[in-house]
Each structure stands twice: as C-alpha cells, then as structure tokens.
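1. fold the following.
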Amino acid sequence: MQELIKSTAEALMRAKHCVALTGAGISVESGIPPFRGKGGIWEKYDPMEYAHIDAFMSNPTKVWQVLLKDMKSIVDKARPNDAHLGLARLEQLGILKTIITQNVDGLHQLAGNTDVIEFHGNFAWHRCLDCRQRIATHAIDLTTIPPHCQCGGIYRPECIFFGEAIPPQHLMRSQQEATRCDVMLVIGTSAVVQPVALMPVIARETNAKVFEINPERTPLTDNISNGILEGKAGHVMNRLVEEVERQLSTLDPIY
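-> This next block holds a predicted model:
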C-alpha cells in the first residue's frame, strides 16, 4: 500500500492538470448515507415514489414530508471530513484543478475547493418554483411543509430529480476535464452510474493515469485504473496528502 501511495503522490507531483471524480463514498464519513447499495437511501424510500420530478410536482407535500425533510436534516449537520479536506489541500498546493462530483451535499465547497462540477446538482441550495429566488438549505423554515418562499411559491432543491436531465453544461465540462487531465483521482464511487462513470474511461483513453481510492474494487479496477488504494477515503487521503507534502519538502528551493 505504501508503495502505491508513493507512486500516486509522484504522479500527482508531475501532473499538469489533475482532476478528481467523487461519489457518495467520500461523504459517508460525514454522516451522509449513500443513495444506492446496502444501507442506502433507496432501501428506505422508493425513488420513483419520492424522488421523481413527477412525484414532486404532483404532491410536493408528500415528498417534503417523507424524503426532503430528512435530507435537509442530514445535510444541515454534515461537515467536510478528511477526504474533502485532503482534496482542498491538493488544490491549495496547486495540484488539483477541478472536482467532478456525483454528490449533492456541497461539502467540497465547504472544505475549500473552488472549481466543483456538480453532476447531479446541489442540495445545499433550494430555489422557488415561482420567482426562482435561491435560498441556502440551512435557512429554510420547516414550520410549514412544503416550505414556501415569501412570494408564496414552493421551494425545491437544486439537485436533479429522477426524470430530469443532467445539466448539459455540467456534462460538457466534465467530458472536457476528463479529456484534458493527465491524472484523475476516483474517490468513493462504484463507477456504475452513467454517464458519469465514463469520465475515468475518457481520461484513460486520452493517456491520463487513473487512481482509485475505494474500500473495494470496482468495474474500473482491472481495465482502467493504474492502481486502487483500498480503504476509507479519509484515511487514504490523509496518507496521500502527507506523502505529497513529504515529497514537496525534499525539493530544492528555487532562488
């Protein structure tokens, strides 16, 4: 493991344009459950009944009462963990340029990353269906459900519901970044949800090195990845950033 940490850090040090792709696994350590898989949100709620745009538009009270109220409580309490902070540190060091994320929690921005492509939108913000005014999720008053804007319109999250298209500008930029990068870190994603799972494939096809940070192997591991650093995202990122900083400290200063 340490040898792979070292070689990944060396690749990061040489990278001219590093991009990270993150999924639900990076936020589990912040108390945010994944949507899919064991213990996921879709085990508790039927996504077609509570997370489809048609379900929301036909009965926003039901969707807010059953699903969105709980999601707001989770996101309000969540804070960046060591994995988020590690990516922010890589940006501070001038290594990481962009994050493509499947997550809707806004924790990358809270950690300090400045260029985050939110593939599925963002639950950290809501907007009014009528006047389009935006409001931070933590500022929404749940005294009445569904919550209403001052204009009387209903608030909806800025994340993508089932039945809605991924914003084309997010897809286009993600493809551009995947094509442009020379190193891609893939963290906390099962790499099965399309089209975002294509981004590491695009990166590898354009000669980038792809490194996974995941607790278990994924469909990328055998054919796309240059290596997988197995373990919890926060622990692995701490070791990786520590190694990057160690290597930086050994460089001769330029006068």
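2. residues contacting residue 177?
-> Contact analysis of residue 177 by Cβ atoms under 8 Å, 6 or more residues apart in numbering lists 19, 97, 98, 100, 117, 199. (C-beta placed from N, C-alpha, C; glycine too.)
3. in helices, which of those appear?
-> Under the assignment DSSP state H, these contribute residue 199 to helices.
4. now the contacts of residue 177 as JSON lines including pLDDT and distance to residue 142?
-> Shown next, in JSON lines, are the contacts of residue 177 (pLDDT from 0 to 100; distance: Cβ to Cβ, whole Å):
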{"residue": "19", "pLDDT": "98", "distance to residue 142": "37"}
{"residue": "97", "pLDDT": "98", "distance to residue 142": "38"}
{"residue": "98", "pLDDT": "98", "distance to residue 142": "34"}
{"residue": "100", "pLDDT": "97", "distance to residue 142": "31"}
{"residue": "117", "pLDDT": "97", "distance to residue 142": "30"}
{"residue": "199", "pLDDT": "96", "distance to residue 142": "36"}
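5. of the contacts of residue 177, which pair is most distant in space?
-> Across the contacts of residue 177, no pair lies farther apart than 97 and 199, at 14.2 Å, counting by Cβ to Cβ.
6. these two: who's more crowded?
-> Per other Cβ atoms under 10 Å, whichever of residue 97 and residue 199 has more neighbours is residue 199, with 26 against 18.
7. that one: what's it in contact with?
-> 21, 100, 174, 175, 177, 178, 184.
8. so where does residue 74 fall, helix or strand?
-> helix 69-77 (DSSP states H and E).
9. that helix packs against which elements?
-> strand 121-128 (3 or more Cβ pairs under 8 Å, 6 or more residues apart in numbering; DSSP states H and E).
10. what's the angle between the strand it packs on and helix 69-77?
-> Interaxial angle of strand 121-128 relative to helix 69-77 (axes from the mean of the first three to the mean of the last three Cα atoms, to 10 degrees): 110 degrees.
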